[in-house]
Every structure is written in C-alpha cells, then in structure tokens.
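Chemist: have a look; sequence and predicted model below, questions after that.
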Amino acid sequence: MDQNSEPELVLVFSGKRKSGKDYVTDLIQERLGADVCSVVRLSGPLKHQYAQEHGLDLDQLLGPGPYKERYRADMIRWGETRRQQDPGFFCRLATRGARQPVWVVSDARRLSDLHWFRSQFPRQTLCVRVQSSEETRTQRGWSFTAGVDDAESECGLDSGVKFDWIISNEADAPSLDKQLQPILNLVNSARVTSDQ
Ligand SMILES: Nc1ncnc2c1ncn2[C@@H]1O[C@H](COP(=O)(O)OP(=O)(O)O)[C@@H](O)[C@H]1O
Ligand SMILES: C[C@@](O)(CCOP(=O)(O)OP(=O)(O)O)CC(=O)O
C-alpha cells in the first residue's frame, strides 16, 4: 500500500477485557506476516499521551499485566473528554502510520469507533467479536470493577452490532487457528483478487 492508498481489508475486533483481543489479533498478524498485516490499537495513542501527561511507564500501560488496571478508570475518563470533542480522534491517530494492506484493529469499544471505520472504509470493514466466559477471564486476572465493566468502554458494543464473526477464546472451544481460518481465507482471497 502506498502512502495515499487505502487498506484492502479492515478487521475491527472488540471484546471484553481479558477476552483475548490482543492475543488473537497478535496471532492473526503472526499468521499473515507483519509486512501484510498491521495491528492497530486505538488505545495506543491514548496511552502514549496519558503516560506522558502523568509521568507513567508506557510499556507497562501497553502490556497485559496489572499496571494498566490501576489507571484504567482514569484513562477512560481522560479519553472520553477527547472523544466528546472529536469521536474519530484516536481512530485517526492510531491508523496514521499503518501502511500494510490489512489492518487488524484490536480494540473497538464504542459504536463511534465502528462508525468511523465504516464511514472511512465502507467496502473493507468487517467486525469480529472475541468472547470468553467470566470464569476464563477471571483466570486471566479479571475481576469486576464498577465504573469500568459497567461503562461504555466495556459495554458499548454489547448490542446493536451485527458481527461478521464471533471467536470463542476458551480452552474447550475449537482451536483459534481453526476458528480464524475463514478470516485468513478471506484475507488471502481478497488479496489475490486485488492483485488481478
Ligand atoms: N488462547 C489463549 N491462550 C493462552 N493465553 C491467552 C489466550 N488468550 C488470552 N490469553 C492471555 O490472557 C491474558 C489476557 O489476554 P489479552 O489478549 O491481553 O486480552 P484483552 O486484550 O482482551 O484484554 C494475556 O496474558 C494473554 O496472554
Ligand atoms: C482507556 C482504554 O483505552 C484502555 C484500554 O486498554 P486495553 O486496550 O489495553 O484494554 P484491554 O485489552 O481490553 O485490557 C479504554 C477506553 O475506554 O478507551
């Protein structure tokens, strides 16, 4: 993709925290290769700016550990004020450097996130939900936090969205490779078609 062209495919992922959005989207990138697939994290520019303003450790905020949980509620509030002025603010910043033909957006949370991608890339955008039970998420370190798990950041896409695929990220579900096969097949066939 050159600087002025659009992505061939935009896969927009959502799911509750600890459902495995990062894990699944990293796996897709591994399967497709980093030259073909860019993982776009909407929370990336948010955490970057927030860490700078608050003197925090950006690497830890970006990682899966408990550090980011200490700041999550405040980061949500901080991000909301930006989004109120401009709902596409973080979507635009997060996609700015993406040059690969396939974008995998790892963390859509709000209808405004989906609207932004669908309005910018109506032909290319598909939506994927990652699902895990509360029991599994608890094993991964989740516990219910009021003001976070009952807020738009976690619940904004619970209803009103028709997902193109739903991935069950559970130990007793079919393997992720098997569940991701239709998505990887679609990427590969879309890429072959666009080459012709
Ligand atoms: N299928 C899986 N197998 C092994 N570990 C997983 C799997 N899915 C998620 N995890 C682990 O669970 C934790 C939470 O996953 P993560 O992708 O960070 O979730 P989310 O981005 O949705 O909050 C991480 O430590 C991750 O490595
Ligand atoms: C302030 C946030 O952007 C923090 C998001 O952090 P992560 O995307 O790392 O969260 P999970 O992967 O679901 O655990 C949430 C928001 O409402 O924008």
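Modeler: Nice, thanks for sending it over. Ligands and ions are numbered 1, 2, ... in the order given.

Chemist: do I have it right that Ile167 meets Val24?
Modeler: Yes. Counting by Cβ atoms under 8 Å, Ile167 touches Val24, with 6.1 Å between them. Quick note: C-beta positions are derived from backbone N, CA and C, even for glycine.

Chemist: which neighbours do the two share?
Modeler: Val130, Leu176, Leu180 (Cβ atoms under 8 Å, 6 or more residues apart in numbering).

Chemist: please report how far the first one lies from Lys18.
Modeler: In other words, Val130. Look at Val130 and Lys18: by Cβ to Cβ, to the nearest Å, they are 10 Å apart.

Chemist: the last one now?
Modeler: Between Leu180 and Lys18 the computed distance is 19 Å (Cβ to Cβ).

Chemist: those two: which is more packed in?
Modeler: Lys18 (21 against 18; other Cβ atoms under 10 Å).

Chemist: any idea of the pLDDT on the closest residue to Gly141 other than its chain neighbours?
Modeler: Closest residue to Gly141 apart from its sequence neighbours, by Cβ to Cβ, 6 or more residues apart in numbering: Lys18 at 6.2 Å. Listed pLDDT for Lys18 reads 98.

Chemist: with Gln3 instead?
Modeler: Turning to Gln3, the model gives it a pLDDT of 48.

Chemist: ok, now Gln120?
Modeler: Reported pLDDT for Gln120: 97.

Chemist: buried stuff in the strand or helix carrying Asp113?
Modeler: Using DSSP states H and E, Asp113 maps to helix 111-120. The neighbour-count check on helix 111-120 (16 or more other Cβ atoms under 10 Å) flags Ser112, Asp113, Leu114, Trp116, Phe117, Arg118, Gln120 as buried.
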